[in-house]
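> show me the folded form of this:
(one chain, ligands or ions: 1)
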Amino acid sequence: MRLLVVEDDPDLNRQLVSALSDAGYAVDTAADGEEGHFLGDTEPYDAVVLDLGLPKMDGISVLEQWRRDSRNMPVLILTARERWSDKVAGMDAGADDYVAKPFHMEEVLARLRALLRRSAGHASNELECGPVVLDTKQARVTADGQAIKLTSHEYRVFVYLMLHRDRVVSRTELVEHLYDQDFDRDSNTVEVFIGRLRKKLPGNLIKTVRGLGYRLSDRPDEA
Ligand code: CA
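I've put the predicted structure just below:
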């Protein structure tokens, strides 16, 4: 999952990026509204953390512009606690949720998890595919109740496939959603992680769809 953080306070920006990276997300960052708007307009983020008080272009305008241009990724806004009107304006501008400053990082993480799974159409933190269960809250994968150990890169690939299971995901899509913009995007690395995941997961859960990409599914192959 690839996230964008738009926050002009350097300390807060750093804290957010470090907590989100530790939680396994690829994170891009912007320190003003113009840069944030540009990145959100041109890169395929799975979710955005957007401060409202920003230099160059305020957060509400950034959000309104994205929504006008049909950029529909989930957006979590950061608001000042005493400014209830900011929350209303933010939700009306197209925000999916808000956290009031000062916040506990755990709350931001929990709200992002909820936004990401809801935008992929899931109501629960536990996702299942055949014998395999992914607990996105504990970052735990089990098969028939036995823990499966994944590296952080394998885990990222697996979570993305799990959230979009039964759908074909192209290699380009995986690369775009798994790595931040500074990463050397060699799509061969994705194939390596898919290969390792196949060895660790039971059965033939990750199918190759020739010429298109991969599909995670416990259904028999469609002819
Ligand atoms: Ca600010």
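> CA atoms for contacts and neighbours, from now on please.
OK.
> okay, Glu222: pLDDT?
At Glu222, the model reports a pLDDT of 58.
> chain neighbours aside, what residue packs nearest to the residue of the chain found nearest the ion?
The ion sits closest to Gly53 of the chain, with a gap of 4.1 Å, by Cα to the ion. Distances taken as Cα to Cα, 6 or more residues apart in numbering place Gly59 nearest to Gly53, at 6.1 Å, with adjacent residues excluded.
> next, work out how far apart the one you found and Met162 are.
32 Å (Cα to Cα, to the nearest Å).
> picking up where we left off before, residues touching the residue nearest to Gly53, list them.
If a contact means Cα atoms under 8 Å, 6 or more residues apart in numbering, then Gly59 has 33, 50-53 as its contacts.
> out of those residues, which are inside helices?
With helices taken from DSSP state H, the overlap with these comprises Gly33.
> can you add neighbour count and give the contacts of Gly59 back as TSV?
TSV is the format used below for the contacts of Gly59 (neighbours: other Cα atoms under 10 Å):
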residue	neighbour count
Gly33	26
Leu50	29
Asp51	26
Leu52	25
Gly53	19
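> Glu173: which of the contacts of Gly59 is nearest?
Distance to Glu173, by Cα to Cα, is smallest for Leu50 among the contacts of Gly59, at 23.3 Å.
> contacts only, for that closest one.
Applying Cα under 8 Å, 6+ apart to Leu50 gives the contacts 5-7, 59, 75-78.
> same deal with Val169?
Shown in contact with Val169 (Cα under 8 Å, 6+ apart): 161, 212-215.
> which residues does it bridge with?
Tyr214 (DSSP bridges).
> what's the separation between it and Asp58?
Distance, Val169 to Asp58, using Cα to Cα: 35 Å.
> and the contacts of Val169, which of them are buried?
Applying 16 or more other Cα atoms under 10 Å to the contacts of Val169, the neighbour count classes 161, 213-215 as buried.
> between the contacts of Gly59, which is nearest Leu115?
Leu50 (13.7 Å).
> what distance separates the helix or strand where Val5 lies from the centre of its chain?
Taking DSSP states H and E as the criterion, Val5 maps to strand 2-6. Distance of strand 2-6 from the chain centroid (Cα atoms, centre = their mean, to the nearest Å) equals 9 Å.
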